[in-house]
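Visitor: From the sequence below, what's the structure:
(one chain, ligands or ions: 1)
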Amino acid sequence: MRAQPKASHFINGEYVEDTAGRVIECIYPATGEVVARLHAATPAVVERALAAARVAQADWAARKPVERGRILQRAAAIMRERNHALSVLETLDTGKPLQETLVADATSGAEALEFYGGMIASVTGDYIPLGGDFAYTMREALGVCVGIGAWNYPTQIACWKGAPALACGNAMIFKPSETTPLCALQVAEILHEAGLPAGLYNVVQGYGDVGAALISDARVDKVSLTGSVPTGQKVAALAAGGMKHVTMELGGKSPLIVFDDADIEAAIGGAMLGNFYSAGQVCSNGTRVYVQAGIKQKFLARLAERTAAMIMGDPMDEAVNFGPMVSAAQQAKVMDYIAIGKGEGARLVAGGTAPKLPGFEAGCFIAPTVFADVTDTMRIAREEIFGPVMCVLDFEDEAEVIARANDTEFGLSAGVFTADLTRAHRVIGQLEAGTCWINAYNLAPVEMPFGGSKMSGVGRENARAAIEHYSQVKSVYVGMGGVDAPW
Ligand code: NAD
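Guide: Purely as a prediction, here's the structure:
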């Protein structure tokens, strides 16, 4: 299978290559096959992107918001028409099963383009009466925004950052993860096909050094990163040097609390979605599943049964609902954590192996894994694993579980399953997390703000909230009479 793009980068409305850049091999994780070879950006490529974005941005910001929105909506329609091809590419890039990518990736990107395309014309300022004099405010574009992506949702991340940035009148330079460089190029192509002027959405490939070079440039006004906490700390520090705006969508170790009155099938479904979707490579996963003692045995028995029925295999087969890890490196990291969990005394209830599937012997598969009898101090309960490893912990009462759930440096997400809605709201109100669910898990519609607190991040993506992170307020005082000066 080949997925070689026309060139590595997309700058100023066209594909650009510079073979002097370090090679990036794009490996299909199900087979280990190299499906494309790209090159990281050289300083000349980075310069070209920065110059193009800077030049294009002012005219774009001066356009009527409804015109900008129309282009985004047209791009969304093209993405929907090409959903199948884009989903196949997403599967090649990430290894996620086609069953998933057909409904979760280009479609989610299209929703972001539709949402911001439709709402941007309604973003207005305030009129502030001051007794004769008055003031008003307006929201202005920031300028050039840099987006840096993780590898788990390459199309979605490219759109979640690109759509609000462009809607607000900014230019975007997007650097995909070096592990999944392909999908963002399609997003750029489609935006330009929809009428986006050249220079406004550029894709520049590279490793961390290319990201750092972009952020450090004085022409850049904002950076939005999706990545790990250690990378977030580096990126935020670099941005602080130039007092640039930041959005940080980082890692997590989120609690999912199941009370004994919960609909147990729904709770198990939520826990499975929150640990096994995308082979567990989702930042908001509820990887610490706290189950109230009275239902523990029943919960674990049914969870093991449902986990055994999952279909792992060829990601291109639409009957398959569980694919490989994104890379051999990620597979090795997750297998290390499984060994750590066993060594710490956690009880393996399901999975724990890296199977060699017939025809996919070189694939980075890990069987969906469940550990029971996990305690709060174990490393598997404290550190982000970013793979299909569910930790089940027991608890007795509400106050205890809230304290334990909050005892983490992370604060991305949290979930509660219970039939008692008063308790659900009371518990959610006390959990330290930016994105929460009651009797659901991991749904992230574009209409709802998404993001983390504590070490999991700064700022919010999606919904109206993201507009505040891609624009800034200008206040204007208007004097209607003379100036009363004491001199
Ligand atoms: P990562 O931190 O290794 O890399 C993220 C991106 O940052 C990559 O594009 C990488 O090239 C770039 N980068 C690395 N060093 C850099 C530097 N010094 N300067 C600028 N850019 C640099 O993360 P990953 O392994 O690609 O993704 C997994 C992590 O992302 C997990 O921790 C996961 O929780 C997190 N994540 C968070 C969200 C969210 O929305 N909160 C979503 C998906 C993934």
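Visitor: need the residues of this structure near the ligand, please.
Guide: Contact residues, the chain versus the ligand (CB under 6 Å from any ligand atom): 148-152, 175, 177-178, 207-208, 211-212, 226-228, 231, 234-235, 249-252, 283, 384, 386, 412, 452, 457. C-beta here means a position set from N, CA and C on the backbone, and glycine is covered the same way.
Visitor: could you pull out the strands for the stretch 251-400 of the chain?
Guide: 255-258, 288-292, 347-350, 369-372, 389-395 (DSSP state E, counting those that start in this stretch).
Visitor: can you put those in a markdown table and add mean neighbour count, mean pLDDT and distance to I428?
Guide: A markdown table is the format used below for the strands of the stretch 251-400 of the chain (neighbours: other CB atoms under 10 Å; pLDDT from 0 to 100; distance: least, CB to CB, whole Å):
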| stretch | mean neighbour count | mean pLDDT | distance to I428 |
| --- | --- | --- | --- |
| strand 255-258 | 28 | 98 | 9 |
| strand 288-292 | 26 | 98 | 14 |
| strand 347-350 | 16 | 98 | 28 |
| strand 369-372 | 26 | 98 | 25 |
| strand 389-395 | 23 | 98 | 16 |
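Visitor: Pull out the buried residues from the residues of the chain next to the ligand.
Guide: Neighbour-count burial (16 or more other CB atoms under 10 Å) applied to the residues of the chain next to the ligand gives 148-152, 175, 177-178, 211-212, 226-227, 231, 234-235, 249-252, 283, 384, 386, 412, 452, 457.
Visitor: how about the residue of the stretch 1-150 of the chain found nearest the ligand, secondary structure?
Guide: Here the stretch 1-150 of the chain gets closest to the ligand at one residue, A150, 3.3 Å apart by CB to the nearest ligand atom. Reduced to three states with DSSP: H, G, I helix; E, B strand; the rest coil, the structure at A150 is coil.
Visitor: which residues does it contact?
Guide: Contacts for A150 (CB atoms under 8 Å, 6 or more residues apart in numbering) come out as 157, 177, 226-228, 283.
Visitor: With pLDDT and secondary structure added, can I get those in JSON lines?
Guide: Output for the contacts of A150, formatted as JSON lines (pLDDT from 0 to 100; DSSP: H, G, I helix; E, B strand; the rest coil):
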{"residue": "I157", "pLDDT": "98", "secondary structure": "helix"}
{"residue": "S177", "pLDDT": "98", "secondary structure": "coil"}
{"residue": "T226", "pLDDT": "98", "secondary structure": "strand"}
{"residue": "G227", "pLDDT": "98", "secondary structure": "coil"}
{"residue": "S228", "pLDDT": "98", "secondary structure": "coil"}
{"residue": "C283", "pLDDT": "98", "secondary structure": "coil"}
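Visitor: burial of A414, as a residue count?
Guide: For A414, the count of nearby residues is 28 (other CB atoms under 10 Å).
Visitor: Distance from the helix or strand encompassing it to the middle of the chain?
Guide: Secondary structure from DSSP states H and E places A414 in strand 413-417. Averaging C-alpha coordinates over strand 413-417 and over its chain gives two centres that are 18 Å apart (CA atoms, centre = their mean, to the nearest Å).
Visitor: and that strand, what other elements does it pack with?
Guide: strand 255-258, helix 264-276, helix 421-430, strand 435-438 (3 or more CB pairs under 8 Å, 6 or more residues apart in numbering; DSSP states H and E).
Visitor: again, 6 Å this time
Guide: strand 255-258, helix 421-430, strand 435-438 (3 or more CB pairs under 6 Å, 6 or more residues apart in numbering; DSSP states H and E).
Visitor: Packed most tightly, which of those would that be?
Guide: Mean neighbour count (mean count of other CB atoms under 10 Å) peaks for strand 255-258 among these, with a mean of 28.
Visitor: contacts for that strand?
Guide: 267, 271, 274, 286, 288-291, 401, 405, 414-417 (CB atoms under 6 Å, 6 or more residues apart in numbering).
Visitor: cool, stretch 229-248 as well?
Guide: 142, 215-216, 221-225, 250-251, 455, 457-459, 469.
Visitor: Excluding sequence neighbours, find me the nearest residue to T418.
Guide: For T418, ignoring the flanking residues on the chain, the nearest one in space by CB to CB, 6 or more residues apart in numbering is F259 at 4.0 Å.
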